[in-house]
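Engineer: Only the shape, not the letters, is given here:
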Ligand code: SF4
C-alpha cells in the first residue's frame, strides 16, 4: 500500500463524536460497539459535523453505489474540515477490507485521519489514542481474524430490543456477493457468551433480541458437533425475561428440519423467517452458487408452513442477474406464487467489482431489469395485500417501538410475525408489548387500536400472533 509522506497534526481534543452507518444490521451493531467504546472513553454524541470532534463513517460494500455514496461523504469533509479544523475523520467497515479502496483513500483523500477494518474494530480506542498522541494519519486493517473479541462496551440504540451478533463472516461465495471477501470466513461466538449477553440484556429490561449473522443457519459449524443454531435457539429460549427472539439471515440451503423444529418448539422464537431465495430459477441459482434448487425452496417453505402455524416468511430477490432469461424470470414468479411470501426485498442486479458475476457474459440491459422488477412487484404486492387482509379485526401482540414517522401522535411497532403496525398511543407505551386490534389492513402495514396496555407473555398463542377479536 503506497503512502504519501504524512504531515504531523496538532490535535485539540474535543470529546464528542458522530457515527454515520451505512449498510446492514451487522454494521449497525458494530456502530453500537464503537459508540460504547467512545462513551467508555468519556465521549458524548454530537450529530452536528461542524461542531463534533470525531466523525466515524462505518461503511458498507455490498453495492457499488454504496461505495460511491461513501466517497461522496468523504469528499464533503474536505470543506467541513475548513470550518472545523480539529475534526478527526475515521473510516471503517466493510469497504476498508478492500485494499484498492484503502489505496484510493490514501492517495486521494488527505482529510481521512484514521482507517481500520471489520476485523480490528476492537482496536479502535488504541488507534484513536495513537492518533491523538502522534497526530499522524493511521491506517490499520487486518486481513482476517479467527476470533470474535468479547465484552466490548456497547451503546445500544433501544433499551427494549437489541441486536446480538452470533457469528461473523461467510463461507458461501455467492457469485454476486462481496461479503466473504470483506467479512472473511465464518467464526461463531461460543454459545455461553451469547447466552450471557442475552441474559444481561434481559436483566436490563430488553425484551426482544435479534440474532445476527450472514448465515445464522450455519452457526456453530466451527465449534464442534453439539453446537448448532437449533441448540442455540433452545438455550436462549430458557431466558425468562426475554419475550421475543428473532434472527437473520437464513440461507435456504442450511435451514434444516432441526432448526425448523426449534423455531416451532420455542415459544419465544418469533414465527417469522426471512429466507432470501434470490431467484426461483434453478439455472440462475446455480450461476449464483446458491447450492439449492427451485424444488428445494418450495419444499422448505411448505415444511416451514406445516410445522409453524401462522408463520410469516419474507425473502430477498435479485432481478436481472447475468444470463437471466424471460423463462428464468417466469420461474421466479412461479416460486413467489407457490410460496406466497409475506413480502420481499427486491433488488436490480448491479455489478459488484471483485465478484465472479461482475465479469459474467450476458449482463442484462437496465430496461429489461426494470420491467422484470415491476412485474415481480405487482405479483408480490397482491400476495402481501391478500395475506394482510387476514389480519383485519384480529388482535395481535405488538411491541411498541417508536413514534410513527408520519404522525407523532401515533406509535409504530411490530407483531411477532414482523408486520408493521401503526396505532394510537403515547410515548409511555414505547418498549411495551401491547394487544392491538387491527382496524385497517393495508399492503405494507396495518393500522390498529390498543385494547390492552401490557400483553402478558402467554396471553396468546406464540405461534399464531393473531387471535379473533371475539375469542
Ligand atoms: S450467503 Fe451468499 S449472499 Fe449471503 S453473505 Fe454469504 S456470500 Fe453473501
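Structural biologist: Ah, there it is. Keep in mind that what you see is a predicted model, and the values were worked out from it rather than measured. Numbering: from 1, shown residues only.
Engineer: Can you give me the end-to-end span of stretch 149-165?
Structural biologist: Across its full length, stretch 149-165 reaches 11 Å end to end, with CA to CA, to the nearest Å as the criterion.
Engineer: would you list every one of the strands in the stretch 301-450 of the chain?
Structural biologist: Taking DSSP state E, counting those that start in this stretch, the strands of the stretch 301-450 of the chain run over residues 312-319, 343-348, 394-403, 410-415, 420-424, 433-441, 446-452.
Engineer: rounded to a whole number, what's the mean pLDDT of the third one?
Structural biologist: Model confidence over strand 394-403 averages 96 on the pLDDT scale.
Engineer: Buried residues in it, which are they?
Structural biologist: Of the residues in strand 394-403, those buried under the neighbour-count criterion (16 or more other CB atoms under 10 Å) are 394-401, 403. Where you see a C-beta, it was placed from the backbone N, CA and C, and this is true even at glycine.
Engineer: Any chance of JSON lines for those, columns distance to the ligand?
Structural biologist: What follows is the buried residues of strand 394-403, written out as JSON lines (distance: CB to the nearest ligand atom, whole Å):
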{"residue": "394", "distance to the ligand": "34"}
{"residue": "395", "distance to the ligand": "36"}
{"residue": "396", "distance to the ligand": "31"}
{"residue": "397", "distance to the ligand": "31"}
{"residue": "398", "distance to the ligand": "30"}
{"residue": "399", "distance to the ligand": "27"}
{"residue": "400", "distance to the ligand": "32"}
{"residue": "401", "distance to the ligand": "26"}
{"residue": "403", "distance to the ligand": "33"}
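Engineer: Dump these into TSV; add distance to residue 249 as well.
Structural biologist: Compiled in TSV, these are given as follows (distance: CB to CB, whole Å):
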residue	distance to residue 249
394	28
395	30
396	24
397	24
398	23
399	21
400	25
401	21
403	28
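Engineer: for the residue lying closest to residue 252 once chain neighbours are set aside, what are its contacts?
Structural biologist: Nearest residue to residue 252 in three dimensions, chain neighbours excluded: residue 292, at 5.1 Å (CB to CB, 6 or more residues apart in numbering). Going by CB atoms under 8 Å, 6 or more residues apart in numbering, residue 292 touches 252-253, 285.
Engineer: Cross-check the residues you listed against the ligand and keep the overlap.
Structural biologist: Filtering the contacts of residue 292 for neighbours of the ligand using CB under 6 Å from any ligand atom leaves an empty set.
Engineer: Quick check: the residue nearest to residue 252 vs residue 300, distance?
Structural biologist: Distance, residue 292 to residue 300, using CB to CB, to the nearest Å: 8 Å.
Engineer: Pull up the overlap in contacts between those two.
Structural biologist: Overlap of the contact sets of residue 292 and residue 300 (by CB under 8 Å, 6+ apart) consists of residue 252.
Engineer: can you list contacts of stretch 342-349?
Structural biologist: Counting contacts by CB under 8 Å, 6+ apart, the residues touching stretch 342-349 from outside are 176, 312-322, 324, 336, 357, 364, 366, 369-370, 373, 376-377, 380, 383-384, 387, 417-419, 444.
Engineer: Would you mind checking those for buried ones?
Structural biologist: Here, 16+ other CB under 10 Å leaves 176, 312-315, 317-322, 324, 336, 357, 364, 369, 373, 376, 380, 383-384, 387, 417-419 buried among the contacts of stretch 342-349.
Engineer: how distant is stretch 250-262 from the center of its chain?
Structural biologist: Its chain's average C-alpha position is 19 Å from that of stretch 250-262, according to CA atoms, centre = their mean, to the nearest Å.
Engineer: Mind checking which of the buried ones among the contacts of stretch 342-349 land in helices?
Structural biologist: Applying DSSP state H to the buried ones among the contacts of stretch 342-349, the entries found in helices are 336, 369, 373, 376, 380, 383-384, 387.
Engineer: Which members of those are the farthest-apart pair?
Structural biologist: Taking CB to CB, the two most distant members of these are 369 and 387; they sit 26.4 Å apart.
Engineer: Quick check: the gap between the closest residue to residue 282 other than its chain neighbours and residue 203.
Structural biologist: When the adjacent residues along the chain are set aside, residue 282 lies closest to residue 293, with 4.4 Å between them (CB to CB, 6+ apart). Taking CB to CB as the criterion, residue 293 is separated from residue 203 by 45 Å.
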